[in-house]
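Engineer: Pasted the sequence and its predicted model underneath.
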Amino acid sequence: SIVLSAARLTEVRGSTEAFALILAVVLGLAAAVGMAARAARMLARPVQELRAAAAAVGRGNALPAFAPDTPPEFAPVVRAFERMASDVQSHQEALERALQFTEAILSNVATGVVALDRRMHVTTANPRAIALIGKRPDPNRALQDEVGGEWAPVWRWVHEFLASDKAVRSEEHTSELQSH
């Protein structure tokens, strides 16, 4: 026969309760980690979709559709992103129309017109400018490297203009250059 004293019974019950408490804590911790991982996966997908959409819009591509089961917490962000992408597309289209309009005007101007970026690379040249230069300028080279020494006065003025701190400054340079 087994005889347990009250002190031994209290000791066994105490260690059982301690074991049950430790087991409950471990199970609770495992459940919390599991739920946190699930929540992270649920939030990571919409964030990844937003990143992919931002990259697509940045490359000039159409905005990809967002998953229909996007969590409701992301709905305001998705709507704002869609509005932003629409605004970007509208501005790109307006810029393209303005560039086409400018090119149409420049193609009919009798004066040679060249637009340069800060690296002195040609961004726009009308037909008269191309005739004066003697060829279509390479957009990957500085224009001054492609033309002869007779252009030296023009380059001096351009370099002075770029080095100046004045916000707006214009000057017309007239030369007796002949078409090649």
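Structural biologist: That came through fine.
Engineer: ranges for the helices of this structure?
Structural biologist: Under the criterion DSSP state H, helices of the chain are mapped to 6-58, 75-107, 127-133, 152-163.
Engineer: Deepest in the core, which of those is it.
Structural biologist: Highest mean neighbour count among the helices of the chain (mean count of other Cβ atoms under 10 Å): helix 127-133, with a mean of 18. C-beta: built from backbone N, CA, C; applies to glycine.
Engineer: Can you name every helix or strand that that helix contacts?
Structural biologist: Contact here means 3 or more Cβ pairs under 8 Å, 6 or more residues apart in numbering; DSSP states H and E; on that basis helix 127-133 packs against no helix or strand.
Engineer: what's the pLDDT at the spatially most central residue of the chain?
Structural biologist: Closest residue to the average C-alpha location of the chain: Gly58 at 4.5 Å, with Cα atoms, centre = their mean. Listed pLDDT for Gly58 reads 84.
Engineer: For Leu116, which residues are in contact?
Structural biologist: Leu116 is in contact with Val122, Thr123, Leu143, Val158, counting by Cβ atoms under 8 Å, 6 or more residues apart in numbering.
Engineer: Distance to Ser15 and pLDDT for the residues you listed - can I get that in a markdown table?
Structural biologist: Converted to a markdown table, these look like this (distance: Cβ to Cβ, whole Å; pLDDT from 0 to 100):
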| residue | distance to Ser15 | pLDDT |
| --- | --- | --- |
| Val122 | 86 | 89 |
| Thr123 | 82 | 87 |
| Leu143 | 89 | 87 |
| Val158 | 90 | 79 |
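Engineer: out of those, which are buried?
Structural biologist: Buried members of the contacts of Leu116, counted by 16 or more other Cβ atoms under 10 Å: Val122, Leu143, Val158.
Engineer: Phi, psi for the nearest residue to the first one once chain neighbours are set aside please.
Structural biologist: Read that as Val122. The shortest distance from Val122 to any residue other than its chain neighbours is 4.0 Å, reached at Pro137 (Cβ to Cβ, 6 or more residues apart in numbering). Dihedral pair for Pro137: phi -60, psi 140, per degrees, to the nearest 10.
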